[in-house]
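# Need a 3D model of the sequence below.
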Amino acid sequence: MSWIKAEAKIVRLCGRAKSTRHSLTDAPRPATALVLVDNDAALLHALTFAFETDGYEVHAFADAESLLAHPHARYVSLCFVLDQKLPGMTGLALLAELRAQNIKAPAILITSNPTALV
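Here you go, the predicted structure:
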């Protein structure tokens, strides 16, 4: 699947809402940003660049623990894009933790492993 097709699918699922930037230290606000979690630095950079170029606010994290350490990022998320094969906590386990915290934003699980079952 091409990057353009993948981005189009994410945009359809997450919606077209765009926002102005704000600090993660501010109080939680309504969903405004895409949250990306992937340990592949090149892919994380490419996705961040693509979505920021399209006008989205993006919060990027290299692992689940980094996201969980920033509570405001979880609550401003319009959509989560989670790598299934993260070091430590997997993307599916991270999604379960988010749901347990009553965070209901849509999530997309991705992987570079062509044989992985999600």
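
# doesn't V76 make contact with I103?
No: I103 is beyond contact range of V76, at 10.5 Å (criterion: Cβ atoms under 8 Å). (Glycine included, C-beta is placed from N, CA and C.)

# Of those two, which one has the most company?
Neighbour totals were compared for I103 and V76, and V76 leads with 22 against 16 (other Cβ atoms under 10 Å).

# So the more buried one versus Q84, what's the distance?
Separation of V76 from Q84 (Cβ to Cβ, to the nearest Å): 23 Å.

# now for the strand ranked longest in the chain, which elements pack on it?
Counting residues, the longest strand found in the chain (DSSP state E) is strand 77-83. Counting contacts by 3 or more Cβ pairs under 8 Å, 6 or more residues apart in numbering; DSSP states H and E, strand 77-83 packs against helix 3-14, strand 33-37, helix 91-100, strand 107-110.

# Worst mean pLDDT among these?
Lowest mean pLDDT within the helices and strands packed on strand 77-83: helix 3-14, at a mean of 60.

# ok so, going back, the longest strand of the chain pairs with which strands?
Counting by DSSP bridges, the strands paired with strand 77-83 are strand 33-37 (parallel), strand 107-110 (parallel).

# In the chain, where is pLDDT below threshold?
Counting by pLDDT under 70, the chain shows low-confidence ranges at 1-32, 74, 115-118.

# tally of neighbours for A46?
By other Cβ under 10 Å, 13 other residues sit near A46.

# for the host helix or strand of it, which positions count as buried?
For A46, the host element (DSSP states H and E) is helix 41-53. With burial defined by 16 or more other Cβ atoms under 10 Å, the residues of helix 41-53 counted as buried are L44, L47, T48, A50, F51.

# what helices or strands is the helix or strand following it leaning on?
Proceeding N to C from helix 41-53, the next assigned helix or strand is strand 57-61, under DSSP H and E. When contacts are defined as 3+ Cβ pairs under 8 Å, 6+ apart, strand 57-61 packs onto strand 33-37, helix 41-53.
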